[in-house]
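Asks: Prediction below, plus the sequence it came from.
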Amino acid sequence: MRAKFSLLILFLTLLLSACGPKATEAPTAIPSETPIPAPTLTPTPSTPLAILVVPADMDKATSDLYQKTVYDLAQASGFRFQVRNTLTAAEALDSTLKVVIILPPDPGIQVLAAAAPQAQFMAVNVPGITAGGNVSALSNDSQLDISAFLAGYVAAMLTDDYRVGIILPKDNPQAQQALKAFSNGMAYFCGQCNVFNIYAYPWCVPNYPAPCFPQAIEIPSDEKASAYGAYADLLMKYNVETIYVYPDVATDGLMTYLGTVGVSSISNSMPAQRPASFIMAMQPDTVKAIQAAWPDLIAGKGGVSIQSPLGMTDIDPALLTPGKQRLADQVLQDLLAGRIKPLAQ
């Protein structure tokens, strides 16, 4: 009984304590707002700009090639890239403009270069432009000694018994050098060739009725282009099967005629309509020249004359097969590097 009474007293004590006032909680401090400083922006240079100026009437394939070339270079260097048909001095004032590559016609390169001294200009085969200051000039020199040597090498490689010849203008000292280079190219491929050579045997002249190769025929400067085919006929009297046509006389009519009579031909450019049995052309490779010049242009180094390396173009792979093309290309690289001298005695 006493135990129950004790439990009742304990219960009432607990009940009364629960109904009493609650302890006052200490207020939670509200932190004061600390202002966050505005970020400081560090100015960065604007992305440099490269511009390619191409004429609106350039054929699409060539224009696309130049655009892709400069675009790829600009992208790899972190540059912006634009293509324009014209460029004014006011547009050249853009401080981010660093490189301008211009194809003919001349939009006024000297004025543009003076207006934009922060940029490097490269004139690609633009007549009358002299390198200097911030203007570099890419020349269109076809390097005739090298192209003639390579033509002689390829002609000998593809022709039975090395029955090759050359058509050139008369009384032209540069063409005479090309004749020597052509003969050297033939000899470089075939060694002694087991035939008479006009330089090894001076008495063996083109009009001598003997197996003397290379045969050569000269066209007088006052001859009509319509008569050029008759000179080719004179070469074919000696069973010449492959002919290199010097650029000055390589008319479309003559090149087409050679194809119609079954003669293979090489020249420095191919006619608009490809002749039958046309092996290849040899042109300055401006794309490679632009690619080689690019590092100096973006580094602000300019004012130099640039030589385009020679390249084989318009190759007929059925005539100059891939394996033989590799041989010819190696000879070309050796010529360009100076390891082969096209006019060596």
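Replies: Good, I have the coordinates. Numbering: from 1, shown residues only.
Asks: got the residue ranges for the strands in the stretch 1-150 of the chain?
Replies: 49-53, 80-84, 97-102, 120-124, 135-139 (DSSP state E, counting those that start in this stretch).
Asks: Tabulate the ones you listed (CSV), appending distance to P295 and mean neighbour count.
Replies: Every C-beta, even on glycine, is put in place using the N, C-alpha and C of the backbone. Compiled in CSV, the strands of the stretch 1-150 of the chain are given as follows (distance: least, C-beta to C-beta, whole Å; neighbours: other C-beta atoms under 10 Å):
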stretch, distance to P295, mean neighbour count
strand 49-53, 13, 23
strand 80-84, 17, 16
strand 97-102, 11, 25
strand 120-124, 11, 27
strand 135-139, 12, 22
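Asks: Would you single out the least confident of those strands?
Replies: Per-stretch mean pLDDT for the strands of the stretch 1-150 of the chain is lowest at strand 135-139 (a mean of 91).
Asks: ok and that one relative to strand 97-102, angle-wise?
Replies: Strand 135-139 and strand 97-102 are oriented at 30 degrees to each other (axes from the mean of the first three to the mean of the last three C-alpha atoms, to 10 degrees).
Asks: could we number from 17 for the rest of this?
Replies: Fine by me, first position is 17 from now on; the one you just mentioned is strand 151-155.
Asks: List of residues touching strand 151-155?
Replies: Residues outside strand 151-155 that contact it (C-beta atoms under 8 Å, 6 or more residues apart in numbering) are 125-126, 129, 136-142, 145-147, 302, 305-306, 309, 312-313, 318-324.
Asks: Q346 versus F205, what's the distance?
Replies: For F205, the distance to Q346 (C-beta to C-beta, to the nearest Å) stands at 12 Å.
Asks: ok, P185 to V261 distance?
Replies: For P185, the distance to V261 equals 11 Å [C-beta to C-beta].
Asks: oh, I was asking about T63
Replies: Distance of T63 to V261, computed by C-beta to C-beta: 49 Å.
Asks: neighbour count winner among those two?
Replies: Neighbour totals were compared for T63 and V261, and V261 leads with 23 against 10 (other C-beta atoms under 10 Å).
Asks: Confirm I282 sits in a helix?
Replies: No. Per DSSP: H, G, I helix; E, B strand; the rest coil, I282 lies outside any helix segment and is strand.
Asks: picking up where we left off before, same list, the strands of the stretch 17-166 of the chain, but as JSON lines with distance to F229 please.
Replies: Shown next, in JSON lines, are the strands of the stretch 17-166 of the chain (distance: least, C-beta to C-beta, whole Å):
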{"stretch": "strand 65-69", "distance to F229": "46"}
{"stretch": "strand 96-100", "distance to F229": "49"}
{"stretch": "strand 113-118", "distance to F229": "44"}
{"stretch": "strand 136-140", "distance to F229": "39"}
{"stretch": "strand 151-155", "distance to F229": "33"}
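Asks: How is the protein partitioned into domains?
Replies: Domain assignment of the chain by automatic domain parsing yields the ranges 65-155+305-313+315-322, 160-293+332-352.
Asks: out of those, nearest to A360?
Replies: Counting by C-beta to C-beta, A360 lies closest to domain 160-293+332-352 out of the domains of the chain; the figure is 6.5 Å.
Asks: Rounded mean pLDDT for the closest one, please.
Replies: For domain 160-293+332-352, mean pLDDT rounds to 89.
Asks: Now find how far off-centre that domain is within its chain.
Replies: 26 Å (C-alpha atoms, centre = their mean, to the nearest Å).
Asks: gap between the two ends of it?
Replies: Chord length of domain 160-293+332-352, first to last residue, is 12 Å (C-alpha to C-alpha, to the nearest Å).
Asks: May I see the buried residues of stretch 166-180?
Replies: Neighbour-count burial for stretch 166-180 flags 166-175, 178-180 (criterion: 16 or more other C-beta atoms under 10 Å).
Asks: coming back round to it: and K253, which of the strands of the stretch 17-166 of the chain is closest to it?
Replies: The closest of the strands of the stretch 17-166 of the chain to K253 is strand 151-155. By C-beta to C-beta, the value is 39.1 Å.
Asks: Next, the angle from that closest one to strand 136-140.
Replies: Strand 151-155 and strand 136-140 meet at an angle of 20 degrees, taking the same axes, to 10 degrees as the criterion.
Asks: Not counting its neighbours along the chain, what's nearest the residue nearest in space to the middle of the chain?
Replies: The centre of the chain sits closest to V303, judged by C-alpha atoms, centre = their mean, with a distance of 1.0 Å. Spatially, and ignoring its direct neighbours in sequence, V303 is nearest to T85 (5.2 Å; C-beta to C-beta, 6 or more residues apart in numbering).
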